[in-house]
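# take this sequence and fold it.
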Amino acid sequence: MTYVPSNIFDLESNVKSYCIGFPAEFTQASGAIIEDIDGKKYFDLVSGCGSLNYGLNNKYIKEKLIEYILYDGIALSLDMNSSAKKIFLQTLRKKYWSGGDSIIAFILRDQRAQTRLRQP
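Residues are numbered from 1 along each chain as shown. Got it, this is the predicted structure:
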């Protein structure tokens, strides 16, 4: 039987803490205020902790990032739930994940396999 999570965020690794302790889904941020999917506003104590790696200014990604930032989308949310992360996980599940374990574990296995294939 294939495991199908009832919550899209269950596709993630169990190594997470912020979204477990703070189970809101955030959509926008500006200054020190973040807003959840229901419009409730919070003071952002995380404020940019974390990292993003989009490569070297890929044109498509840069355009989408600028569009997202102009919308006041949350750029850094550590492991808290956000609408952007939900869309990302849904896309990964749709394109790549067949079930059984976390999508992160799947991606790591896939990347290790790809790396092995490219080694001389």
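# who are the packing partners of the longest helix along the chain?
Ranked by residue count, the top helix of the chain under DSSP state H comes out as helix 103-118. In terms of contacts (3 or more Cβ pairs under 8 Å, 6 or more residues apart in numbering; DSSP states H and E), helix 103-118 is packed against helix 83-95. No exception for glycine: its C-beta is placed from N, CA and C like everyone else's.
# now what about the helix it packs on, what contacts it?
Contacts to helix 83-95, defined as Cβ atoms under 8 Å, 6 or more residues apart in numbering, come from residues 8-9, 11-12, 25-27, 37, 68, 73-74, 77, 103, 107.
# now with 7 Å?
If you take Cβ atoms under 7 Å, 6 or more residues apart in numbering as the criterion, helix 83-95 is touched by 8, 9, 11, 12, 25, 27, 37, 73, 74, 103.
# now the buried members of those residues.
For the contacts of helix 83-95, a burial check counting by 16 or more other Cβ atoms under 10 Å picks out 8, 9, 11, 12, 25, 27, 73, 74, 103.
# residue nearest the middle of the protein, spatially speaking?
residue 85 (3.3 Å; Cα atoms, centre = their mean).
# hey, where'd the helices end up in the protein?
Listed in chain order (using DSSP H), the helices of the chain are 18-21, 59-70, 83-95, 103-118.
# out of the ones you listed, nearest to residue 45?
With Cβ to Cβ as the criterion, residue 45 lies closest to helix 18-21 of the helices of the chain, at 10.0 Å.
# got the buried residues for that closest one?
Burial within helix 18-21, assessed by neighbour count using 16+ other Cβ under 10 Å, is assigned to residue 19.
# quick one on the thing from earlier: in CSV: the buried ones among the contacts of helix 83-95, plus pLDDT and distance to residue 44.
Listed next are those as CSV, based on pLDDT from 0 to 100; distance: Cβ to Cβ, whole Å:
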residue, pLDDT, distance to residue 44
8, 74, 23
9, 74, 20
11, 72, 25
12, 70, 21
25, 89, 15
27, 87, 13
73, 88, 13
74, 83, 9
103, 67, 26
